[in-house]
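[1] Take a look and give me a structure for this.
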Amino acid sequence: MEHLNKETFLSKVFNFETNAEWKFEGNLPCLIDFYADWCGPCKMVAPILEELSEEYKGKINIYKVDTEVELELAAAFGIRSIPSLLFCPMDGKPQMAMGALPKQAMKDAINDVLLVVN
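    Here you go, the predicted model:
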């Protein structure tokens, strides 16, 4: 799992500085975890994301964005509660899910939103 800063986010996910409309820059669908170190539910989600990153290796990318460090990214997506999970398919609009989702709910979203079946 890779931690994104603004620069890597612009090149791997969405360059919101040059594009007003959503345009996915990645080469695999991705799931982005907006989190903070002090957040209890975020800590519950972290090991699930580690497992999913292994299970879906080569099929999706899983990224983490620390909302305490990357304030501009958090603001760009209107993150008000964490964890927030952003599911970005290759085509179509991304979808945001709020809160600590159980693993099966994340797998369902990977199937339904990212159109990736493991």
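[2] Please enumerate the helices of the protein.
    For the chain, applying DSSP state H gives helices covering 6-12, 40-55, 71-76, 103-112.
[3] Output the shortest one in PDB with nothing but the alpha carbons.
    Only the C-alpha atoms of helix 71-76 are listed here, as PDB (Å, rounded to 0.1, in the frame of the first residue of the first chain):
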ATOM      1  CA  LEU A  71      -5.000  19.000   4.000                       C
ATOM      2  CA  GLU A  72      -5.400  20.100   0.400                       C
ATOM      3  CA  LEU A  73      -6.300  16.600  -0.700                       C
ATOM      4  CA  ALA A  74      -8.800  16.200   2.100                       C
ATOM      5  CA  ALA A  75     -10.300  19.600   1.300                       C
ATOM      6  CA  ALA A  76     -10.500  18.800  -2.500                       C
END
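[4] Show me which residues of that helix are buried.
    Leu73, Ala74 (16 or more other CB atoms under 10 Å). (Glycine included, C-beta is placed from N, CA and C.)
[5] ok, residues contacting it?
    The contact list for helix 71-76, computed with CB atoms under 8 Å, 6 or more residues apart in numbering, reads Leu4, Lys6, Phe9, Phe16, Phe34, Val65, Thr67.
[6] Quick check: the fifth one touching Arg80?
    By that I understand Phe34. No - using CB atoms under 8 Å, Phe34 is not in contact with Arg80, being 10.2 Å away.
[7] Between those two, which has more neighbouring residues?
    For Phe34 versus Arg80, neighbours defined as other CB atoms under 10 Å are more numerous around Phe34 (24 against 9).
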